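# sequence-free structure coming up:
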């Protein structure tokens, strides 16, 4: 397996970085909590991808393997999003992001190594290590929370990161009779529906504020960090190892930080700048052309 899918993966990572700013803006404009925003994001992006697949004549999944793949990715997407927002409520955004996003490449490297019955690829280990240090510096130290809450939050964030790693590992192999857009679209519609069921059962049924601004932000959220990003992601996974993809996925918090500085006026400390530089080093290192054993 080569790293020829890197350009598509980098594009996905950069597009994901717009999700924080767009999601925050949409939630504020529509008056929705984060879990409802996540459901709208998955549902809107999924609907768009299914429409594109239907227009291209590939919208109908064919065969039991295709339906199983949709079910697996849909459940994983719901767990990934739902667990992340639970973790942020327990730990705060910084710590939850650190554990959730940081754990994904570690899980991918471990699973690839165990599956191939070999030691981890040295380049993968190096890039993951550098990327994790950079992520720690960029995100910062977690706030002081009670030990029990911290443990529960850490486990929930780890569940979120492991779910994303599973999406990456499972989505790497194509399924006969299922196009990338159809797989992602139907899976996200399922995932969004599961999130709606989840927060409804938990006693939450928010009514959104519908305005031109909230509609425009929802469309942007569905198109850029969801439909387009995941289309590039799964396309890049076809020719790149999951560990490489997971490291490149660290571009998401980096891009989100840059956008927050530009749009929201946030400031980055010297330590944060060092972290950003280390993340870039990790991404460049893992993106170098080479042949990787599957």
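Everything's here; your move. As the structure is a computational prediction, the values presented were derived from the model and not from experiment.
# May I see the buried residues of the longest helix anywhere in the chain?
Among the segments of the chain that qualify as a helix by DSSP state H, the longest is helix 64-91. Along helix 64-91, these residues count as buried under the neighbour rule (16 or more other C-beta atoms under 10 Å): 66, 69-70, 72-91. The C-beta positions use only the backbone N, C-alpha and C, and glycine is treated the same way.
# Which residue comes closest to residue 211 once chain neighbours are left out?
The spatial neighbour of residue 211 that comes closest, neighbours along the chain excluded (C-beta to C-beta, 6 or more residues apart in numbering), is residue 29 at 6.5 Å.
# between the helix or strand encompassing residue 152 and helix 64-91, how many degrees?
Taking DSSP states H and E as the definition, residue 152 sits inside helix 147-170. Angle of helix 147-170 versus helix 64-91, following axes from the mean of the first three to the mean of the last three C-alpha atoms, to 10 degrees, is 150 degrees.
# rewinding a little: so who does the residue nearest to residue 211 touch?
When contacts are counted by C-beta atoms under 8 Å, 6 or more residues apart in numbering, residue 29 is found next to 209, 211, 213, 214, 217.
# And those residues, which is closest to residue 119?
Taking C-beta to C-beta as the measure, residue 119 sits nearest to residue 217 out of the contacts of residue 29, at 46.5 Å.
# Nearest residue to the closest one in space, please, no chain neighbours.
When the adjacent residues along the chain are set aside, residue 217 lies closest to residue 26, with 4.0 Å between them (C-beta to C-beta, 6+ apart).
# Please report how far that neighbour lies from residue 113.
Here residue 26 is placed at a distance of 39 Å from residue 113 (C-beta to C-beta, to the nearest Å).
# between these two, who's got more neighbours?
Neighbours per residue, other C-beta atoms under 10 Å: of residue 26 and residue 113, the larger number sits with residue 26, 27 against 16.
# what's the spacing between whichever strand or helix holds the more buried one and its chain's center?
Take DSSP H and E as the rule and residue 26 turns out to sit in helix 19-30. Between the mean C-alpha point of helix 19-30 and the mean C-alpha point of its chain there is a distance of 16 Å (C-alpha atoms, centre = their mean, to the nearest Å).
# Any buried residues in that helix, and which?
Counting neighbours by 16+ other C-beta under 10 Å, one finds that the buried residues in helix 19-30 are 19, 20, 21, 22, 23, 24, 25, 26, 27, 29, 30.
# show me what contacts the fourth one?
With C-beta under 8 Å, 6+ apart as the criterion, the residues that contact residue 22 are 217, 220, 221, 224, 225.
# So which of those residues are in helices?
Counting by DSSP H, the contacts of residue 22 contribute 217, 220, 221 to helices.
# what's the spacing between the last one and residue 65?
So the one you mean is residue 221. The spacing between residue 221 and residue 65, counted by C-beta to C-beta, is 31 Å.
# ok, which stretches of the chain are strands?
Secondary structure of the chain, counting by DSSP state E: no strands present.
# for the stretch 101-250 of the chain, what spans make up the helices?
With DSSP state H, counting those that start in this stretch applied, the stretch 101-250 of the chain shows helices at 122-139, 147-170, 180-201, 212-222, 229-237, 242-248, listed in chain order.
# got CSV for those, with distance to residue 5 too?
As requested, the helices of the stretch 101-250 of the chain are arranged in CSV below (distance: least, C-beta to C-beta, whole Å):
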stretch, distance to residue 5
helix 122-139, 15
helix 147-170, 12
helix 180-201, 12
helix 212-222, 24
helix 229-237, 3
helix 242-248, 8
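# Out of those, flag the one nearest residue 273.
Comparing the helices of the stretch 101-250 of the chain by C-beta to C-beta, helix 122-139 comes nearest, at 8.5 Å.
# can you list contacts of that closest one?
The set of residues that contact helix 122-139 without belonging to it, under C-beta under 8 Å, 6+ apart, is 94-95, 97-98, 101-102, 105-106, 109, 112, 241, 243-244, 246-247, 250, 253-254, 257, 271-272, 274-283, 285-286, 288, 290.
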